[in-house]
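Participant: Any chance you could fold what I've pasted below:
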Amino acid sequence: YIEDPNSIHPIPPTRFFDQLSYIGDNDVGSFLLETSAGLVLIDCGWPTDDRVQMIESGIEALGLRCDDLTCIIVTHGHGDHWGNADHFREKYGAKIYMSEIDYNFARDPVKSPRRQLHYQVFDFLTDGEVLRVGDTEIKAVLTPGHTPGCLSLIIPVTDEGRPHFAALWGGTGIGRSSKPERRYAYLSSLYKFREACDSYGVDVELAVHPFVDNSEQRLAVCRSICNGVPNPYVIGRDAYHRYEDMLFKKVLDSIDPSEL
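Facilitator: Sure, this is the predicted structure:
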């Protein structure tokens, strides 16, 4: 996380694929996916009024309508991801989805002592489920570790009509102070999600926290991109594997050899 709150600043709402946009700041954000059946919001940021306003104004700045929000996917049970999703449900009728494991985790004052999720969700996504929204199929993979019921997603996108598959690793980061079983779960989830990404031929990497993957700089390129300049998010299958390798290395470095 960004330690100095004074260094956090908004990023202009940016459409970086034909149907996928980023709304948020340099700390945490949301992805907005356009489908034939309406808009899908992935994560909601912090549960604050200013975050709600950022999302609503961001949707409008992209030339879209908040009334077209059809569903919200919450990747995991931390407050900077589940946010005020109930606002969008109550105002626009958006259906809220997350895993049942993390729903219970986020509502538990012992497991989530800093803040608890207070609203109901529409339905729970299960491991390997495909959520169909109009012409779009979003693959959900249960990847525990960062949280007990974290979801990672594989999302179909196009870049000037060219098809790609984007992978969103749902919960980046695992601390050295975490219990060994949690770190092993994270490692196992990385292997599991790699297999799913390989089956889809993933060649695009996404992260809800922009500081993880230089997204602020890449989004700036997308806002000023011109003919002949490749989309910086289309990194190819080999480069996506290298990104996965960095996640593997981070968790392996956190494991004490005496625990093996």
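Participant: any idea how far the closest residue to residue 25 other than its chain neighbours lies from residue 178?
Facilitator: Using Cβ to Cβ, 6 or more residues apart in numbering and skipping the chain neighbours, the partner closest in space to residue 25 is residue 10 (4.8 Å). Heads up, the C-betas are built off the backbone N, CA and C, glycines and all. From residue 10 across to residue 178, the span is 31 Å (Cβ to Cβ, to the nearest Å).
Participant: ok, now residue 145?
Facilitator: When distance is defined by Cβ to Cβ, residue 145 is 9 Å away from residue 178.
Participant: neighbour-wise, which of the two wins?
Facilitator: Neighbours per residue (other Cβ atoms under 10 Å) separate residue 145 from residue 178, with residue 145 holding more: 23 against 18.
Participant: For that one, which three-state class applies?
Facilitator: Secondary structure for residue 145, judged by DSSP: H, G, I helix; E, B strand; the rest coil, is coil.
Participant: so it touches residue 191, yeah?
Facilitator: No. Checked against Cβ atoms under 8 Å, the pair residue 145 and residue 191 is beyond contact range at 11.1 Å.
Participant: So residue 53 belongs to a strand, correct?
Facilitator: No. Assessed with three-state DSSP, residue 53 is helix; it does not lie in a strand.
Participant: what about it, neighbour count?
Facilitator: Applying other Cβ under 10 Å, we find 10 other residues in the vicinity of residue 53.
Participant: How many neighbouring residues does the residue nearest to residue 25 have?
Facilitator: 15.
Participant: now it: how far from residue 225?
Facilitator: Counting by Cβ to Cβ - residue 10 and residue 225 are separated by 20 Å.
Participant: Equivalent analysis for residue 85, please.
Facilitator: Distance from residue 85 to residue 225, by Cβ to Cβ: 31 Å.
Participant: In terms of neighbours, single out the busier of these two.
Facilitator: The residue with more neighbours, out of residue 85 and residue 225, is residue 85; 28 against 13, by other Cβ under 10 Å.
Participant: any residues touching the helix or strand containing residue 216, and which ones?
Facilitator: In this structure, residue 216 sits in helix 215-223 according to DSSP states H and E. For helix 215-223, contacts defined as Cβ atoms under 8 Å, 6 or more residues apart in numbering pick out 11-12, 14-16, 22, 26, 207, 210, 229, 231-233.
Participant: try stretch 126-144
Facilitator: If you take Cβ under 8 Å, 6+ apart as the criterion, stretch 126-144 is touched by 19, 33, 35-38, 40, 70-71, 73, 97, 99, 101, 125, 149-156, 169-171, 185-186, 189-190, 192-193, 196, 200.
Participant: and what of stretch 237-249?
Facilitator: With contacts defined as Cβ under 8 Å, 6+ apart, stretch 237-249 is touched by 167, 169, 172, 187, 190, 194, 197, 201-205, 213, 235.
Participant: rewinding a little: what subset of the contacts of helix 215-223 is buried?
Facilitator: Buried subset of these (neighbour count, 16 or more other Cβ atoms under 10 Å): 11, 14-16, 22, 26, 207, 210, 231-233.
Participant: Now tabulate those in TSV and tack on distance to residue 55.
Facilitator: Formatted as TSV, the buried ones among the contacts of helix 215-223 follow (distance: Cβ to Cβ, whole Å):
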residue	distance to residue 55
11	13
14	14
15	15
16	17
22	11
26	16
207	18
210	16
231	24
232	24
233	21
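Participant: Most widely separated two among those?
Facilitator: Taking Cβ to Cβ as the measure, the buried ones among the contacts of helix 215-223 span a maximum distance of 20.2 Å, between 26 and 231.
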